[in-house]
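>>> Everything below, folded, please.
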Amino acid sequence: MFAGGPYETLRCDEPRPHVARITLNRPQVMNAYDWRMTQELQSAIALYRDDDELRALVVAGAGGRAFCTGGDVSGSDPEHGRKVRAQPWGSGREMRDGMQAACAMLRRCDKPSVAMIDGFAVAGGLALALACDFRFAGPNARMGDTSGRFGLLPDEGGAWLFPHTMGYDRALKMSLLHEVYDAETAFRLGLITELVGEGLEARTLEFCETLATKAPLAVRMVKTMMTRAMDAGTFESSLTDAQLAVMITNPSEDVREGGAAFREKRKPVFKGR
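Numbers count the residues shown, from 1 in each chain. Okay, the predicted model is just below:
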């Protein structure tokens, strides 16, 4: 079973075969992240990344009110705050080694991740959701960037993730005006992959179960190729990536199984080799 820790700010489980779930577990502050959560989140993502038996990841928030509301500005850990402020580059290092690192791990991971959004996903919480490959949300989802209300910045990765997801002008307007959108508007703006009327958890897990039935090598190569192309690639570099990737996938047992299953009119059983 997928488990880590013991964690103070997360719950980790395996709700379906080959499907891992990380639940942000600070509902008393609407799952706002602190330093400990960012470190535990990186640990849990690494466990998912390195376990070949796990093929899809759900990231969720506990409590039903929020996915994640960004950084915890309540001052709940004043000692950590004093340590950060005492260092000339403390804030930069804290961000680099904290939520920035967690978001980067999700983006770099060559296996898919799905943010399940029930309630608020704002500021750094929106960045975390957008760092996942897919976002499934219920009708009470609320998404936007509230960082500027506190004089803060979209510094967890939002300055890149927001405009790449919804377009430069819309992202800039959202951040400068501190806008938070209802679920329908967020879906229209492209922040949500699938808007689920009822049964959000069931639909998200169903989707992940489907992902887990796909050929693992191909899934990993497709995500890697598309992420590289989105980040800095050109059409020509994408073609080169594809040439390298097929040298891994085409000779695999999974490709032979896929062909055999098609000929025998049955569902393939992929093993990732």
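
>>> Double-check that residue 23 belongs to a strand.
Yes. Residue 23: assigned to a strand according to DSSP: H, G, I helix; E, B strand; the rest coil.

>>> separation between the nearest residue to it once chain neighbours are set aside and residue 63?
Distances taken as CB to CB, 6 or more residues apart in numbering place residue 11 nearest to residue 23, at 4.3 Å, with adjacent residues excluded. To be clear about C-beta, it is placed using only N, CA and C from the backbone, and glycine gets the same treatment. Residue 11 is 11 Å from residue 63, where distance means CB to CB, to the nearest Å.

>>> returning to what we had before: phi, psi of the residue nearest to residue 23?
Listed backbone geometry of residue 11 is phi -120, psi 140, with angles given as degrees, to the nearest 10.

>>> just residue 143 next, same as before
The phi and psi values for residue 143, taken as degrees, to the nearest 10, are phi -130, psi 140.

>>> residues near the residue nearest to residue 23, how many?
16 (other CB atoms under 10 Å).

>>> That one against residue 62, yeah?
Yes. Look at residue 11 against residue 62 with CB atoms under 8 Å: they come within range, at 6.9 Å.

>>> In the protein, mark out all the helices, start to finish.
When assigned using DSSP state H, the helices of the chain occupy the ranges 35-50, 78-85, 90-97, 99-108, 124-131, 158-166, 168-177, 183-188, 200-212, 216-231, 235-249, 253-263.

>>> can you pull the contacts of residue 217?
For residue 217, the contact set (CB atoms under 8 Å, 6 or more residues apart in numbering) comprises 248-249, 252, 254, 272-273.

>>> Would you list the buried entries among these?
Restricting the contacts of residue 217 to buried positions leaves 249, 252, 254, 272, with burial counted as 16 or more other CB atoms under 10 Å.

>>> pLDDT-wise, what's the bottom of these?
When those are compared on pLDDT, residue 249 comes out lowest, with 75.

>>> Correct me if wrong: that residue contacts residue 218.
Yes. Using CB under 8 Å, residue 249 makes contact with residue 218 at a distance of 5.3 Å.

>>> contacting residues for the nearest residue to residue 19 once chain neighbours are set aside?
Taking CB to CB, 6+ apart, and ignoring the residues beside it in sequence, residue 19 has residue 208 as its nearest neighbour in space, at 4.5 Å. With CB under 8 Å, 6+ apart as the criterion, the residues that contact residue 208 are 16, 19, 56-58, 114.
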